[in-house]
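K.L.:
Based on what follows, work out the 3D shape:
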Amino acid sequence: MKLHLKSTVEHLRHYRHILAVLMKYGFDEVVDILRRKLILRLGAKVMPKRVKRSFIGRSRPQRVRMALEELGPTFIKLGQLLSTRPDLVSPEYLQELEHLQDGVSPVKFERIRRELQEQLGGPLDGFFSSFDEQPIAAGSIAQVHRAITKDGQHVAVKIRRPGIVRTVRAECEILEELAALIKATTWEVGTIDPVRMVRELTEAISKEVDLSNEARNLRRFSRNFADDRTVHIAEVFGKYSAEGVLTMEYIDGVKCSHSSVLATAGLDPKVIAARGADFILRQLFEFGFFHTDPHPGNIFVLADNVLAPLDFGQVARIGEANRRLMGEMVLAITEIDADRLVRAFGRMGMLEECPDPSGLAGDLDDMLNGYSHLPLKEIPVGEVISRGFEVMRAHHIHPPAEFTLMLKSLMTVESLANALDGDFQLIDHLRPYARRMAMERLDPRRMLRIGREAMRQAGDLAAALPEQIDAIMANIRRGSLRIHVHHEHLENLTHTLDRSSNRIAFALIIAGTVIASSQLVIQGTGTLLGLISFQTLGIFGYLGAAILGLWLLVSMMRSRRL
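P.N.:
Purely as a prediction, here's the structure:
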């Protein structure tokens with residue numbers, strides 16, 4: 001596969017920085033893979049001159065996290081995306097990736113002012129009567145300032161970092177190129193597809209840098225929870241918002257992770273834990289539209305234990321099929337029924353790459369039976385899900401990305417709730433949703449709706465069938481009917497046959513040379529054109545055949561296929 005690199009100064013700088021960071025943290029094997037291709041395309045200048053090593057005493061997962069943090073915003077987002085995929089990443093790496101921090105300094109206010117005025121289309125004092133120059137939060141994508149609008153509203157203004165769109169676009173292009181190279185040269189079948197992973201990252205980060213997308217998410221959540229007095233979604237002020245600016249209601253609350261502060265403020269951690277779980281479960285099972293990053297720092301608590309979630313840049317939609325699969329998983333856990341779970345995987349088409357479905361069922365059964373001695377309410381859902389991901393990785397089960405995010409959200413909310421309430425049991429909150437979904441499958445109205453849809457599709461097929469048959473018969477009469485057959489891995493078979501036939505032909509040439517040389521040596525007397533004797537010519541033939549034979553043997557041994 002060719003690596004198409006843009007020979008621009010900006011890309012050259014990015015590549016040099018990437019290689020320097022990889023060398024700094026001891027990823028020499030990756031550098032060796034990239035070195036030759038990058039030098040071929042961009043020249044020797046792409047390689048950094050001197051790199052100070054900085055990985056002694058660090059584990060490999062720690063070095064991965066440190067390298068991603070140093071590489072910048074796009075790579076940090078890649079790590080954060082991977083931290084939500086326990087079906088692809090082992091627990092020791094997940095633990096490190098979950099601690100990824102942006103670690104960036106705030107942008108100077110003069111640059112922020114210019115960006116704001118460009119986005120809003122006018123001077124700052126035309127929109128805000130007061131604007132705090134010191135940010136209250138700063139990240140790799142945007143930073144947040146407190147302000148007061150001309151209408152007297154106390155707001156939080158989220159401003160995209162100047163130039164971040166161009167930086168992210170360039171780094172995503174480089175990531176895609178590197179992923180394609182790594183996949184073509186070293187990747188094993190059955191593991192994560194790096195190209196697909198980078199494309200998912202590109203899509204996710206493109207949505208995150210568009211703050212108008214976050215505004216739409218906020219409005220949708222506000223509609224979904226309009227009837228829920230236990231949840232408050234910040235109001236969006238569209239008049240003061242744009243693609244690179246999001247102005248929303250300022251939330252003055254307590255982070256739910258600060259349990260000691262919660263108690264001091266007269267808030268009840270037990271109530272907050274229960275409401276946090278219900279907040280996530282309603283998103284998953286009722287709306288199919290959920291916050292994919294519900295960590296404690298993103299959830300504030302207002303008076304009367306009202307939840308006020310923030311940062312809606314990372315959301316996902318989950319369809320009915322994935323919600324049903326979630327319900328099947330919960331019921332399989334509560335009933336210790338591994339076969340039910342395997343059947344659900346099969347219906348979702350997740351067993352296509354599984355080499356041993358019976359082995360999968362056995363491993364899941366062993367895992368679930370490890371909890372059979374516990375009372376139902378004491379089953380640790382997060383732990384079961386984590387161990388289930390290990391089994392899925394071992395058997396090459398790749399669930400849909402949205403389903404994985406759904407499970408990760410459950411694990412996060414259980415961890416948060418347990419930190420607030422030691423007696424909290426997520427299974428008690430999950431079972432009603434799972435049973436409701438199981439009953440919905442038997443709902444006569446749903447079955448009638450499915451039946452009507454099936455009849456409609458059957459009617460459409462019956463109406464189109466005569467015309468399709470007539471077209472097929474017409475092609476047969478004209479002799480123009482074509483049947484296309486695609487055979488998986490046929491290219492590999494063709495290559496193998498071609499290589500084998502070449503070796504056979506080569507061996508026949510060697511054998512013919514030996515036979516001809518033997519005839520010349522036996523004849524003994526006589527010369528060719530009076531210059532060289534037949535016997536000497538035969539000896540040269542033997543020598544040439546020996547060299548060719550040795551070359552053929554070495555090539556066969558190097559390919560490891562005799």
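K.L.:
Flag the shaky bits of the stretch 451-562 of the chain, pLDDT-wise.
P.N.:
451-454, 481, 484-499, 502, 523-531, 534, 557-562 (pLDDT under 70).
K.L.:
Show me where it has its strands.
P.N.:
For the stretch 451-562 of the chain, the strands defined by DSSP state E, counting those that start in this stretch cover 527-528, 532-533.
K.L.:
The chain now?
P.N.:
128-131, 137-138, 142-149, 154-160, 245-249, 254-255, 289-291, 299-302, 306-309, 315-317, 527-528, 532-533 (DSSP state E).
K.L.:
closest one to residue 410 among the ones you listed?
P.N.:
strand 289-291 (10.3 Å; Cβ to Cβ). For the C-beta atoms, the positions are set from N, CA and C on the backbone; glycine is no exception.
K.L.:
can you tell which of the strands of the chain is closest to residue 14?
P.N.:
When those are compared by Cβ to Cβ, strand 154-160 sits nearest residue 14, at 20.3 Å.
K.L.:
what residue ranges in the stretch 251-400 of the chain are flagged as low confidence?
P.N.:
Using pLDDT under 70, nothing in the stretch 251-400 of the chain is flagged.
K.L.:
again, only this time at 80
P.N.:
For the stretch 251-400 of the chain, the stretches with pLDDT under 80 are 257-260, 293-297, 327, 330, 334, 352-353, 355, 374-379, 398.
K.L.:
now residue 243, nearest residue through space, not along the chain?
P.N.:
Leaving aside its sequence neighbours, residue 243 sits nearest to residue 212 (Cβ to Cβ, 6 or more residues apart in numbering; 5.0 Å).
K.L.:
sorry, that was for residue 322
P.N.:
The spatial neighbour of residue 322 that comes closest, neighbours along the chain excluded (Cβ to Cβ, 6+ apart), is residue 403 at 4.6 Å.
K.L.:
now do residue 211
P.N.:
Leaving aside its chain neighbours, residue 211 sits nearest to residue 246 (4.1 Å; criterion: Cβ to Cβ, 6+ apart).
K.L.:
picking up where we left off before, got a list of what the residue nearest to residue 243 touches?
P.N.:
Neighbouring residues of residue 212 by Cβ atoms under 8 Å, 6 or more residues apart in numbering: 241, 242, 243, 246.
K.L.:
In terms of pLDDT, where does the last one sit?
P.N.:
The predicted structure scores residue 246 at 96 on the pLDDT scale.
K.L.:
And for it, the neighbour number?
P.N.:
Number of residues near residue 246 (other Cβ atoms under 10 Å) recorded here: 29.
K.L.:
can you check the third one too?
P.N.:
Residue 243 has 14 neighbouring residues, counting by other Cβ under 10 Å.
K.L.:
so what's the spatially most central residue of the chain up against?
P.N.:
By Cα atoms, centre = their mean, the chain has its centre lying nearest to residue 197, at 4.1 Å. Residues in contact with residue 197, defined by Cβ under 8 Å, 6+ apart, are 78, 81, 82, 88, 179.
K.L.:
Isn't the first one up against residue 198?
P.N.:
Right, the one you point to is residue 78. Yes: with contact defined as Cβ atoms under 8 Å, residue 78 reaches residue 198; the gap is 7.5 Å.
K.L.:
Much appreciated, bye for now.
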